[in-house]
Structure formats: structure tokens, C-alpha cells
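Enquirer: Fold the following, please.
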Amino acid sequence: MKTWKLRLISLTAALSLSLVLASCGGNETGGGGSAGGSGSGDNAGGNLTGDIVVASHEVGSGGYTYVALQIEGMSEDFPDLKVRALPAGTESTRAYYARLGDAQAFVTGGATPGYLQEGIEGYDTREWGPQAVTSIAFFPHIGYPFGVRGNSDIMTIADLKGKTVAITPASPSTYTNVVTFLAFAGLTLDDVTPYEVASSALGYEALMNGQVDACFYNVTASKAYEQQSSGDSVRWLEFDPDDTEGWERVWAISPIEVPKVTTVGAGIDEEHPVNLMSSPYPQYCAWADADEEAIYTLTKALWEAREEWAAKDAAMADTFTMETNLELMAQSSTPIHPGAVRYYEEAGVWTDEMEQRNSELFAYQAELAELWNETVAAADEQQISDEEFTDFWLQARADAGF
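Expert: Numbers count the residues shown, from 1 in each chain. Sure thing, here's the model as predicted:
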């Protein structure tokens, strides 16, 4: 039986300085390819040059903030290197930019890389299927909970029964977060009134506007501080780390989640810590066929400019370390891009064991790709409709032991 574990990562981001929006021109679907430029020439020396596009989270989100700060740091350390952000509100859109070649890398987190690789949870249609997604770098999430208005009578997750909760169907990972939050208190979406929004940031706005009673929240997002300073303020619904049954319900849905005592965020500090949930996020990813020199350059710039970007945020300085990156990498279900491997070898942190595991993960992706091609051919021959295709594919996965 072939199995996989959803243990992924995302990465951090925030804009500032020389963040230039890349255009969204279209190429053929199917792979990363080169996007808007590349790491030009041989960047193995001290100076780095080139033009690299990274599909990032939308403005106002915590992920965007981290990535922007990292890009700012890279710009300061390597002025001849242009790393540009291409913001997008949903996980699938960011991934699609990279798939089209409009971006060479994309930032995501949580279970999304695994969903993409496996061709499940929104990526199980004819338009998607299992993708050759690789990882570049991993960072730990500061922590996320449900946010509610501070002047409401909602004190715990259990109090959300019968209330309106924002959901993001277009972002499978964030959607899963909401489901796991509810499960912690023994609730499901049937116990609340779901309110669909296109992105996390729009969920934040829906809470501020009184359209919902609760939404997924990144406590370091700029909107979190805006909500805190509003007349309504904000309250974070905590996850008791000692609630064994609650965490077992969470892990039955998403085994990558872990308890996190957070001391940074809106209304949060060392004297007022909160018990939140965390997983790998943000995580830099790329298609396997993305330009190797560009990914090497991005990886090298990201880590060698760490001193600059870490100085801009205390949480990043404390937790966005190479040690944590390697720990999360060891748990990842997706392989590491060859360009990133090249940098990690250069940095002396890549081992024979990591190389062996990486080869096995690439072989696993090849098996999935072969099954996908066989399944699509069979579906076409049997005239399976698009509406029926997802079930057809998921059954083929199950029959093949995936």
C-alpha cells in the first residue's frame, strides 16, 4: 500500500522596497518553465543576478508580509537580483501562475503541496491531476486560530454552534483549517452557517464588516492589527494543548497540525501568550521543471540574506532558521527541487540520506503521473464526463493503492 503524509510547509512573506508586480501573461499549461526572467549565468559566486518571479499571498495576509520582508532583505543583500512578487488570493491561483510559467516559484503552506502532488482535494479534476511539485524552503507558521470580534459573546470554539463562519473553497488548505478548528470542539460545518469568501483576506474583511461571526486568522496579518485597533477589537479562540480528544479529532483530519504557544501577533505578547495551531507555512515551492539556475539563485539569495530579513521581524528571527527548515524538510511529502538541492549541497547541509529520500519521492511522483495518464486515457475511452471524472480518478487512485 502506497501511503503519504500531509506534512508540508509554507513560507513567510511581506512586501516593501522593490516588490514589483509581475504581469500575468499566459503560457501553455503543464509545467513551471521559465517565468518573467531567470537566474542568469552562473550565480555560484558572491554576487547574484537575474529576474525571478514568486507568486505570493495577497496584500494584507500574514504570508504576504513575510515574503515581502524576505524579498526586501534579498534586494538589500543582492542589488543586482530582482525578485518580484505576484500576489494572488487563493492557493490554486498561486500554483497556477507557477504551472503556467508566469512565476518560477510560488509560496503556499499547510497541506496544499501534498494536495497538488496527489491530485486530490480540489486538484482532482481533468484540469489538474497529480502535479510534479517540489519544495524549496520551509518555515513554521506563527500560529492561527478562529478570530472573532472582541465585543462578541463568543469565548470558545464550541460557542460557534449556530454562528456564521467564513470558509474558502478556493483555498483547500485554509478550508481544511476551518474544518479542523471546528473538529477540535466536536463541531462540523453542519453545526454552523458557512459563508463563502474567495480568500483569507476577504474573510478578515467579512469579520470586520459583521458579515461573519468567525474566520480563519493569521494573527500577524496586517488586518489582524487593524481589527484589534477597531472599535470591535478581536478575540482569538484558543486550542487547549492538554485537550487530548480535541487534538485527536484534529489529527484525524490533518496530521500536520501541532499546538503552538504564540507570543507575537495582534494583542499578543510575552505577557499575553495564546495557544494556537501551527503547521509548515509559508513554504516556497516550484514545479520540478522550473529553471534550475533560477531556483538555485532564489534559494541561495533567500538563505544568504537571512540576516537582513530576520532583522525586520522578531518572529522570523526566532523561528525562520535553517535548522527548522531542515526539520520540516525531513517531514515533507514532496521532493526538493534540484536547484535548491544544489544550494543545500553548497551550504554543506545536504546528506546522502536526504538524496536517497529525494530520489524516492521523485519516483513516487513518476508512479502517480503514470497512473494519471492511464486513468485519463481510460476515462476518454469510456466517455467519462467532467462531472464524473473526479470520482473516477479517486477510485483509480484507491484501486492502485495510493
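
Enquirer: tell me, how many neighbours does Thr156 end up with?
Expert: 12 (other Cβ atoms under 10 Å). Every residue, glycine included, has its C-beta placed from N, CA and C.

Enquirer: quick one: which helix or strand includes the closest residue to Leu207 other than its chain neighbours?
Expert: Using Cβ to Cβ, 6 or more residues apart in numbering and skipping residues adjacent in sequence, the residue nearest Leu207 is Cys215, 4.8 Å away. According to DSSP states H and E, Cys215 maps onto strand 215-216.

Enquirer: Adjacent strands (with direction) for that strand?
Expert: strand 146-149 (antiparallel) (DSSP bridges).

Enquirer: Can I get the partner strand in CSV, CA atoms only?
Expert: Taking C-alpha atoms only, strand 146-149 is exported to CSV below (Å, rounded to 0.1, in the frame of the first residue of the first chain):
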residue,chain,number,x,y,z
PHE,A,146,-10.5,31.5,14.6
GLY,A,147,-10.8,35.2,15.1
VAL,A,148,-14.0,36.7,16.4
ARG,A,149,-14.9,40.3,17.3
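
Enquirer: What lies in contact with it?
Expert: The contact list for strand 146-149, computed with Cβ atoms under 8 Å, 6 or more residues apart in numbering, reads 154, 157, 160, 165, 178, 181, 204, 207, 210, 213-217, 219, 224, 227, 232-237.

Enquirer: Now Ile136: closest residue in space, sequence neighbours ignored.
Expert: Counting by Cβ to Cβ, 6+ apart, the residue nearest Ile136 is Tyr284, at 3.9 Å.

Enquirer: Run through the residues that contact that neighbour.
Expert: Leu11, Val54, Ala105, Phe106, Val107, Ser135, Ile136, Ala137, Phe138, Leu298, Thr299, Leu302.

Enquirer: And the pLDDT for the second one?
Expert: By that I understand Val54. Looking at Val54, its pLDDT stands at 97.

Enquirer: Who does the residue nearest to Leu207 form a beta bridge with?
Expert: Gly147.

Enquirer: Wait, it touches Gly203, no?
Expert: Yes - counting by Cβ atoms under 8 Å, Gly203 is a contact partner of Cys215 at 3.7 Å.

Enquirer: Common neighbours of those two, please.
Expert: Ala166, Val197.

Enquirer: in what helix or strand does Ser359 lie?
Expert: helix 352-381.

Enquirer: before we move on, back to that, for the residue nearest to Ile136, phi and psi?
Expert: phi -80, psi 130 (degrees, to the nearest 10).

Enquirer: pLDDT value on it, please?
Expert: 97.

Enquirer: For it, give its distance to Leu371.
Expert: 27 Å (Cβ to Cβ, to the nearest Å).

Enquirer: now Ala206
Expert: Taken as Cβ to Cβ, the span from Ala206 to Leu371 is 40 Å.

Enquirer: Over to Leu100?
Expert: Relative to Leu371, and taking Cβ to Cβ, Leu100 is found at 24 Å.

Enquirer: circling back: in terms of secondary structure, what does the helix holding Ser359 contact?
Expert: Packing partners of helix 352-381 (3 or more Cβ pairs under 8 Å, 6 or more residues apart in numbering; DSSP states H and E): helix 112-118, helix 338-346, helix 386-399.

Enquirer: and among those helices, the most buried is which?
Expert: Highest mean neighbour count among the helices and strands packed on helix 352-381 (mean count of other Cβ atoms under 10 Å): helix 112-118, with a mean of 27.

Enquirer: Downstream of that helix, the next helix or strand is which one?
Expert: strand 133-140.

Enquirer: Mind checking the pLDDT average for that following strand?
Expert: Computed over strand 133-140, the average pLDDT equals 96.

Enquirer: Remind me what that strand packs against, helices and strands.
Expert: Going by 3+ Cβ pairs under 8 Å, 6+ apart, strand 133-140 lies up against helix 112-118, strand 280-287, helix 292-304, helix 314-319, helix 322-331, helix 338-346.
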